[in-house]
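J.: Below are the sequence and a predicted model for it; my questions follow.
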Amino acid sequence: SQPGLLENLFQETKSKQQALMETQQALTDWQAIMSELEEQQPLIAEKQERLQTIQRQLPQYQEYEQLAQQQIAEQANYQAIQKEYESCQQEKITLADKVATAKQFIEQEGTLEKANFECSSVADHWQNFVERWQKNQKAWQKISQNQGELHELTQRFAVEQQQKSAEEAKLQTKKSQWASLQIQRLSLLLEEGEPCPVCGSLEHPKQQTHQEVSLEEIDQAERELTEVKKTVQRFTETLSALGAEKQQKESQLQEQEAAYTEEQEQLAAQFADLQLPLTGLTFSQVTPAEIAEVESQLAKEKQQIAQKLTEISVEKDHLAELEEQVAENSQRFEVLRQQVETMQQSLERITIQQMIASQLLDATVTYEEMTKQQTLLQEELSAFERQKENVTTQGETLKKEEMILESTLTHLEKEQQTLQQTVAQL
């Protein structure tokens, strides 16, 4: 019915009016928000300027931080190279000392070769002296032997001489006995008035005093006399031979002693010219034991010289190795020196760049902090823009809703007036 329809229009109009009031209130609130956003615009502009500044400076901060990191890396590398450089320099000094020591040791070679030659010369002269000394010692032994033989020969000669003298005395006795027997035999044959065949006397007063002698006794006496004569002759011949041998021995011994004495004098002179390793040894003290000691000392000295010459030969090889090491060290030292200089220049350049950058930047702020500030500002500005965009969109929506509500209310009011007029006419 018409009254019911009118009531419905009235209720709908009232609802739309309420909605319009709420929309208008929302628009009022929106305008307040927009005003707040407008008030924030200077701050947003400041943040945008700050963001632009950060974005402009951020590469510089990054470069500054890269320079710092590069400086740390370069400094570490420089310290490592510097340490190696100093070690190489120390090695250079050590090698130089070793080379100097090796050369000083090798310089002894000439002296040692001279000493070796002199030692060999002394050994040769000593060997010649020893051979002569030993030969002369044998000559002395021969002299001693000959002296002993001469002494024995002299003793034998004296014994033979004594025995000959005894035999000669015996011969005289035998001759006397034989002569006595002959006289006795002749006296028995004397005739009175006839001359004695011995003395020529014509008188023979002692003829009766002689005993009668047999021919056997006379023959026995003659045989004994002959035997004694032979013995004396043998002794005479023996003594003659012994005398000749003794004289020859004495002459030979004199020659040997003279030769020995002359050789001893020459050996003493030769010994005085020798430069022996043993001090205090005199010619008169030379013995086989001392000879062995001298030879041992000479051999030891020669061995020591040979050992040192061998060590020098080894040291020459070592010196060659050291010189190679010195050459390698010099090359490495030069390379390291150039690297040190290059790194020093690089560090100086980085330091200068850092000084320049620090004058343009806030050195208390790091690249990471600047990046965080940039991100924060970007987020804040983005949030503001989103809020602004959302609010703007919300305002446009509210305005559209307001227009629609106003249009709807106008239409409803017209319908209501029309319906009221219709009801009134009925």
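T.: Arrived safely. Computed from a prediction, not measured in an experiment: that's the story for all the values here.

J.: which non-adjacent residue is nearest residue 312?
T.: Nearest non-adjacent residue to residue 312, counting by Cβ to Cβ, 6 or more residues apart in numbering: residue 109, 5.0 Å away. In this view, the C-beta of every residue, glycine as well, is placed from N, C-alpha and C.

J.: pretty sure that neighbour is touching residue 310, no?
T.: No - the criterion here is Cβ atoms under 8 Å, and residue 109 misses it with residue 310 at 11.1 Å.

J.: check which helix or strand covers residue 221.
T.: With elements taken from DSSP states H and E, the one containing residue 221 is helix 215-273.

J.: And that helix, how far out from the chain middle?
T.: Using Cα atoms, centre = their mean, to the nearest Å, we find the averaged C-alpha position of helix 215-273 to lie 77 Å away from the chain's own average C-alpha position.

J.: I'd like the next helix or strand past that helix.
T.: The first helix or strand that comes after helix 215-273 along the chain, using DSSP H and E, is helix 288-360.

J.: avg pLDDT for that following helix?
T.: The average pLDDT for helix 288-360 rounds to 88.

J.: Mind giving me the packing neighbours of it?
T.: Here helix 288-360 is seen to pack against helix 41-106, helix 108-189 when contacts are counted using 3 or more Cβ pairs under 8 Å, 6 or more residues apart in numbering; DSSP states H and E.

J.: so where is the stretch 151-300 of the chain shaky, pLDDT-wise?
T.: Under the criterion pLDDT under 70, the flagged ranges of the stretch 151-300 of the chain are 184-213, 277-279.

J.: swap in the stretch 1-150 of the chain?
T.: Looking at the stretch 1-150 of the chain by pLDDT under 70, you get 1-3.

J.: Format the helices and strands packed on helix 288-360 as a markdown table; extra columns: mean neighbour count and distance to residue 274.
T.: A markdown table is the format used below for these (neighbours: other Cβ atoms under 10 Å; distance: least, Cβ to Cβ, whole Å):
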| stretch | mean neighbour count | distance to residue 274 |
| --- | --- | --- |
| helix 41-106 | 14 | 30 |
| helix 108-189 | 15 | 6 |
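
J.: Just put the ones you listed in JSON lines and tack on distance to residue 319.
T.: Listed next are the helices and strands packed on helix 288-360 as JSON lines, based on distance: least, Cβ to Cβ, whole Å:
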{"stretch": "helix 41-106", "distance to residue 319": "4"}
{"stretch": "helix 108-189", "distance to residue 319": "12"}
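
J.: For residue 402, find the nearest of those helices.
T.: For the helices and strands packed on helix 288-360, the distance to residue 402 is smallest for helix 41-106, at 25.7 Å, taking Cβ to Cβ.

J.: From the contact counts, what lies against the closest one?
T.: Using 3+ Cβ pairs under 8 Å, 6+ apart as the contact definition, the elements that helix 41-106 packs against are helix 288-360, helix 367-425.

J.: Tell me how far the nearest residue to residue 168 once chain neighbours are set aside lies from residue 166.
T.: By the measure of Cβ to Cβ, 6+ apart, the closest residue to residue 168 outside its immediate chain neighbours is residue 232, 5.6 Å from it. In this structure, residue 232 and residue 166 are separated by 10 Å, where distance is defined by Cβ to Cβ, to the nearest Å.

J.: Repeat that for residue 312.
T.: 84 Å.

J.: same thing with residue 159?
T.: Distance from residue 159 to residue 166, by Cβ to Cβ: 11 Å.

J.: related to what we said a few turns ago, determine which of the helices and strands packed on helix 288-360 approaches residue 366 most closely.
T.: With distances scored as Cβ to Cβ, the stretch of the helices and strands packed on helix 288-360 nearest to residue 366 is helix 41-106 (6.6 Å).

J.: The closest one relative to helix 288-360, how many degrees between them?
T.: Relative orientation of helix 41-106 and helix 288-360, computed by axes from the mean of the first three to the mean of the last three Cα atoms, to 10 degrees: 160 degrees.

J.: tilt between helix 41-106 and helix 367-425?
T.: With the same axes, to 10 degrees applied, the angle from helix 41-106 to helix 367-425 works out at 160 degrees.

J.: quick one: which of the helices and strands packed on helix 41-106 is nearest residue 65?
T.: Set against residue 65 and scored by Cβ to Cβ, those come closest in helix 367-425, at 4.0 Å.

J.: That closest one packs against which elements?
T.: Under the contact criterion of 3+ Cβ pairs under 8 Å, 6+ apart, helix 367-425 touches helix 2-39, helix 41-106.

J.: For residue 97, give me its contacts.
T.: Contacts of residue 97 were listed using Cβ atoms under 8 Å, 6 or more residues apart in numbering, and none were found.

J.: Please name the residues that touch residue 142.
T.: Taking Cβ under 8 Å, 6+ apart, we find residue 142 in contact with residue 256.

J.: Name the nearest residue to residue 377, sequence neighbours excluded.
T.: Beyond its immediate neighbours in the sequence, the residue positioned closest to residue 377 (Cβ to Cβ, 6+ apart) is residue 51, lying 4.4 Å away.

J.: was I right about that neighbour contacting residue 374?
T.: Yes - Residue 51 is within contact range of residue 374, at 6.6 Å (criterion: Cβ under 8 Å).

J.: if we can go back for a sec, which stretch among the helices and strands packed on helix 367-425 comes nearest residue 405?
T.: Scanning these with Cβ to Cβ as the criterion, the closest one proves to be helix 2-39, at 4.1 Å.

J.: Which secondary structure elements does the closest one sit against?
T.: Helix 2-39 makes packing contacts with helix 367-425 when contacts are defined by 3+ Cβ pairs under 8 Å, 6+ apart.

J.: How about residue 9, nearest residue that isn't a chain neighbour?
T.: Residue 9 sits nearest to residue 416 (Cβ to Cβ, 6+ apart), 4.8 Å away.
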